[in-house]
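# heads up, no residue letters with this:
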């Protein structure tokens, strides 16, 4: 028997960060050209991009280690 989902289970929770005002002003100028609707949306997008690159980099390093191990084993 499936248990009913609570409405809050699928909602993303948010926190608050502080940014220097000069940086916020620069972001506001930049987002005019991007179609983003807020500083928060832009910062979220940028952080996701940076973090995914870091993740991709680690995956590539692990893949190379595995390839080297297989090569050393004669595969």
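Cool, got the structure. Predicted, not measured: the structure shown is a model, and the values here were computed from it.

# Who are the packing partners of the helix or strand bottoming out on mean pLDDT in the chain?
For the chain, scoring each helix and strand by mean pLDDT, DSSP states H and E identifies helix 39-72 as the least confident one, at a mean of 83. Packing partners of helix 39-72 (3 or more Cβ pairs under 8 Å, 6 or more residues apart in numbering; DSSP states H and E): helix 21-31. For glycine as for every other residue, the C-beta is placed from the backbone atoms N, C-alpha and C.

# just to revisit the earlier point, chain center to the least confident helix or strand of the chain: distance?
Centroid separation between helix 39-72 and its chain, computed with Cα atoms, centre = their mean, to the nearest Å, is 10 Å.

# Report the buried residues of it.
39, 42, 43 (16 or more other Cβ atoms under 10 Å).

# ok, now which ones touch the last one?
Taking Cβ atoms under 8 Å, 6 or more residues apart in numbering as the definition of contact, the neighbours of residue 43 are 19, 27.

# quick one: it from residue 26, how far?
Distance of residue 43 to residue 26, given as Cβ to Cβ, to the nearest Å: 12 Å.

# just to revisit the earlier point, export the buried residues of helix 39-72 as a markdown table, with columns for distance to residue 18.
Listed next are those as a markdown table, based on distance: Cβ to Cβ, whole Å:
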| residue | distance to residue 18 |
| --- | --- |
| 39 | 12 |
| 42 | 16 |
| 43 | 12 |
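
# Report the central residue of this protein.
residue 48 (2.0 Å; Cα atoms, centre = their mean).

# and which of the buried residues of helix 39-72 is nearest to residue 21?
Lowest distance from residue 21 to these (Cβ to Cβ) belongs to residue 39, with 11.1 Å.

# tally of neighbours for the residue nearest to that closest one when sequence neighbours are not counted?
Nearest residue to residue 39, sequence neighbours excluded (Cβ to Cβ, 6 or more residues apart in numbering): residue 27, at 5.0 Å. Residues contacting residue 27 under the criterion other Cβ atoms under 10 Å number 18.

# same question, the one 10 residues further on
For residue 37, the tally of surrounding residues (other Cβ under 10 Å) stands at 9.

# just residue 20 next, same as before
Neighbours of residue 20 (other Cβ under 10 Å): 8.
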